[in-house]
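>>> Build the 3D model from these lines:
(one chain, ligands or ions: 2)
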Amino acid sequence: MKQRQLDALEQWLNERNPNQPEFTQAVRELYADITPLLEDEPAYQDASVLQCLTEADRCIEFRVCWEDDDGKIQVNRGYRVQFCGALGPYKGGIRFHPSVNQSILKFLAFEQTFKNALTGLHLGGGKGGSDFNPRGRSDREIMRFCQAFMNELYRHIGQHTDVPAGDINVGSREIGYLFGQYRRLANVFAGSLTGKDIEFGGSQVRLEATGYGLIYFLREMLSASDTCIDNKRIAISGAGNVALHAALKAIECGASVVTLSNSDGTLHDSNGIKADAIKQILKSKQRPDLEKIAKDTQADWHSDKKPWQFDCDIALPCASQNELDESDAQNLVDNGCSWLAEGANMPCTEKAIAVLNESRVANAPGKASNAGGVAVSGLEMSQNANFASLPFEELDERLQAIMKDIHNQCVKHQQTQENGWVNYRQGANVAAFKRVAAALIAQGIG
Ligand SMILES: NC(=O)C1=CN([C@@H]2O[C@H](COP(=O)(O)OP(=O)(O)OC[C@H]3O[C@@H](n4cnc5c(N)ncnc54)[C@H](O)[C@@H]3O)[C@@H](O)[C@H]2O)C=CC1
Ligand SMILES: O=C(O)CCC(=O)C(=O)O
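Numbering: from 1, shown residues only. Ligands and ions are numbered 1, 2, ... in the order given. All right, here's what the predicted structure looks like:
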């Protein structure tokens, strides 16, 4: 019965979303964990909640025309997917990357809906972006692109409607340009974007929040396995906001970070990458030259390897979707890795997850373990609404409490605890789905 229901749902999903592999992948992962609840909760079936939650409230697609430094007009495509507004204003980042398309943004907005539910805050789920490639573009070109992007986006967002933030290639510089253009066009100074500079309404801890939150979540996972982070070897992928702040917090907590990476290759140091080298990357604001850092710090550089090919106790994929496949997962298992927590959104393929689960590697989905960023964004929104600025320590404590609570929700809602192994994916899906579904049903069909 359950298998038939699941097959029917998947068929329905695939027919409605042809050529959207990332989106259907993210939905399949949720369906598998939620279908077993349907028999016990007739209200979910009566209201077709799973189907409702698989269809975005709306997908906005628009043209972005801007002038490059040579006076040539460039044309890109912009998007905002407002997936589900049942728990609060749509909330989620903006990504600038040539790979951006509707499938990727729908998967990200779908995941965001459930991630935001886990934070316990009043946040709906959304995501946006463009196929614009910022690599090699001047600062002025970035500014003109951000302004052109906001020329259309501004009419769809606002502090009570939809509050974007950063994601891949959108950091505090881009948020500054986007915010400035929003303020000029809408003629309001309001918290309509998060991740702003502290000087104009940004929050302490937002910059660090996703990476720090990931480590706070990991500490809870380790504690659930009766161990701690001290002296653990951690392989991290990526060398951006999430990867670097996770690396710094891990080192501060006593762990050894053995890898960082980018699309050119992997920096590996079996003695642990030094915190000073990571701080230098963060300070420089340029795309890091990991190969040069390897030379300067007597570490190794591998242009042909991924972080998952090195010995580690813990893996933290912090770069991009589907960056860790079945053979990477098998390498991790063979090399002694016992814990994995996703800093990126959906970095593990379905087959990789199957390998991790079969080998009883504790593995946490991004919607739980990387929720720290959006959680502090939620706190930025409430500070903006009150014209308040809370101190770093207070917000860091709130972040730790939220990550601990998300961990506890995962443990509580998973159904297959076995020899202490926690099915974090199932726990996160069930806990988040219950909250969003209850809000949808209570607000009536529509
Ligand atoms: N910034 C945030 O607050 C949050 C970000 N995330 C997710 O974390 C991931 C990283 O985002 P950020 O650090 O913000 O972006 P970023 O733009 O600061 O850094 C991305 C990093 O990943 C690397 N990268 C990209 N594709 C890669 C590939 N195929 N192989 C190896 N490295 C690759 C880039 O070189 C860069 O170092 C994304 O999946 C994002 O959706 C999740 C939650 C919140
Ligand atoms: O802070 C936010 O609103 C967005 C964070 C985000 O994009 C994510 O959690 O993937």
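>>> From residue 427, how far off is residue 258?
29 Å (C-beta to C-beta, to the nearest Å). C-betas here are computed from N, CA, C, even on glycine.
>>> Need the three-state assignment for the residue in the stretch 101-250 of the chain positioned nearest to ligand 2.
Nearest to ligand 2 in the stretch 101-250 of the chain, going by C-beta to the nearest ligand atom, is residue 165, at a distance of 3.3 Å. Assigned with DSSP: H, G, I helix; E, B strand; the rest coil, residue 165 falls in the strand class.
>>> neighbours of it, just the number please.
24 (other C-beta atoms under 10 Å).
>>> Please identify which of residue 258 and residue 427 sits among more neighbours.
Legend: neighbour count by other C-beta under 10 Å for residue 258 and residue 427, higher for residue 427 (27 against 24).
>>> Distance of the more buried one relative to ligand 2?
18 Å (C-beta to the nearest ligand atom, to the nearest Å).
>>> Listing request: residues of this protein with sub-threshold pLDDT.
When residues are selected by pLDDT under 70, those of the chain lie in 1, 417.
>>> can you list the domains in it?
Here the domain assignment for the chain is 58-188, 209-360, based on automatic domain parsing.
>>> Kindly report the residues of the stretch 151-300 of the chain close to ligand 1.
Counting by C-beta under 6 Å from any ligand atom, the positions of the stretch 151-300 of the chain adjacent to ligand 1 are 166-169, 210, 237-243, 261-263.
>>> about what we covered before: check contacts around the residue of the stretch 101-250 of the chain closest to ligand 2.
91, 92, 93, 94, 175, 193, 194, 195, 373, 374, 377 (C-beta atoms under 8 Å, 6 or more residues apart in numbering).
>>> Point out the ones among the residues of the stretch 151-300 of the chain next to ligand 1 that are inside helices.
210, 241, 242, 243 (DSSP state H).
>>> just so I know, which of the domains of the chain lies nearest residue 6?
For the domains of the chain, proximity to residue 6 was assessed by C-beta to C-beta; domain 209-360 is nearest, at 14.0 Å.
>>> ok, is that closest one in contact with ligand 2 or not?
Yes. Using C-beta under 6 Å from any ligand atom, domain 209-360 reaches ligand 2 at residue 345.
>>> Kindly check the end-to-end length of that domain for me.
28 Å (C-alpha to C-alpha, to the nearest Å).
>>> centre of the chain versus it, how much separation?
Centroid separation for domain 209-360 versus its chain: 15 Å, with C-alpha atoms, centre = their mean, to the nearest Å.
>>> What is the longest strand anywhere in the chain packed up against?
As assigned by DSSP state E, the longest strand anywhere in the chain is strand 73-84. Using 3 or more C-beta pairs under 8 Å, 6 or more residues apart in numbering; DSSP states H and E, the elements in contact with strand 73-84 are strand 58-67, strand 90-96, helix 102-118, strand 125-130, helix 139-153, strand 162-166.
>>> The first one pairs with which strands?
I take that to be strand 58-67. If you go by DSSP bridges, strand 58-67 pairs up with strand 73-84 (antiparallel).
>>> got the angle between the strand it pairs with and helix 102-118?
For strand 73-84 against helix 102-118, the angle by axes from the mean of the first three to the mean of the last three C-alpha atoms, to 10 degrees is 40 degrees.
>>> could you check the angle strand 162-166 makes with strand 73-84?
Using the same axes, to 10 degrees: strand 73-84 against strand 162-166 is 120 degrees.
>>> Is any residue of strand 73-84 near ligand 2?
No. Using C-beta under 6 Å from any ligand atom, strand 73-84 stays clear of ligand 2, coming no nearer than 11.8 Å.
>>> quick one, that strand and strand 125-130 angle?
Interaxial angle of strand 73-84 relative to strand 125-130 (the same axes, to 10 degrees): 170 degrees.
>>> now the strands for the stretch 251-400 of the chain?
Taking DSSP state E, counting those that start in this stretch to define them, one finds strands in the stretch 251-400 of the chain at 256-262, 265-268, 300-302, 314-316, 339-341, 362-364.
>>> List the residues that contact residue 123.
Here residue 123 is in contact with 87, 88, 89, 91, 116, 117, 374, 378 (C-beta under 8 Å, 6+ apart).
>>> and which of these is nearest ligand 1?
Checking the contacts of residue 123 one by one against ligand 1 (C-beta to the nearest ligand atom), the nearest turns out to be residue 374, at 6.4 Å.
>>> Roughly how far does residue 391 sit from residue 249?
Relative to residue 249, and taking C-beta to C-beta, residue 391 is found at 18 Å.
>>> Which one's more surrounded, those two?
residue 249 (21 against 10).
>>> In what element of secondary structure is that one found?
Assessed by DSSP states H and E, residue 249 sits inside helix 241-252.
>>> what's that helix packed up against?
Contact here means 3+ C-beta pairs under 8 Å, 6+ apart; on that basis helix 241-252 packs against helix 206-224, strand 233-236, strand 256-262, helix 275-284, strand 314-316.
>>> Let's see that with 7 Å instead.
helix 206-224, strand 233-236, strand 256-262, helix 275-284 (3 or more C-beta pairs under 7 Å, 6 or more residues apart in numbering; DSSP states H and E).
>>> tilt between the third one and helix 241-252?
Just to be clear, that refers to strand 256-262. In terms of direction (the same axes, to 10 degrees), strand 256-262 departs from helix 241-252 by 170 degrees.
>>> Spit out the contact partners of residue 93.
For residue 93, the contact set (C-beta atoms under 7 Å, 6 or more residues apart in numbering) comprises 127, 164, 165, 166, 167, 170.
>>> again but with residue 281, I slipped
With contact taken as C-beta under 7 Å, 6+ apart, residue 281 is in contact with 239, 244, 288.
>>> For residue 62, state which of the residues you listed is nearest.
Checking the contacts of residue 281 against residue 62 by C-beta to C-beta gives residue 239 as the nearest, at 31.3 Å.
>>> Counting neighbours, what do you get for the closest one?
Counted with other C-beta under 10 Å, residues neighbouring residue 239 total 26.
>>> and the gap between it and residue 252?
For residue 239, the distance to residue 252 - C-beta to C-beta - is 18 Å.
>>> Thank you, goodbye.
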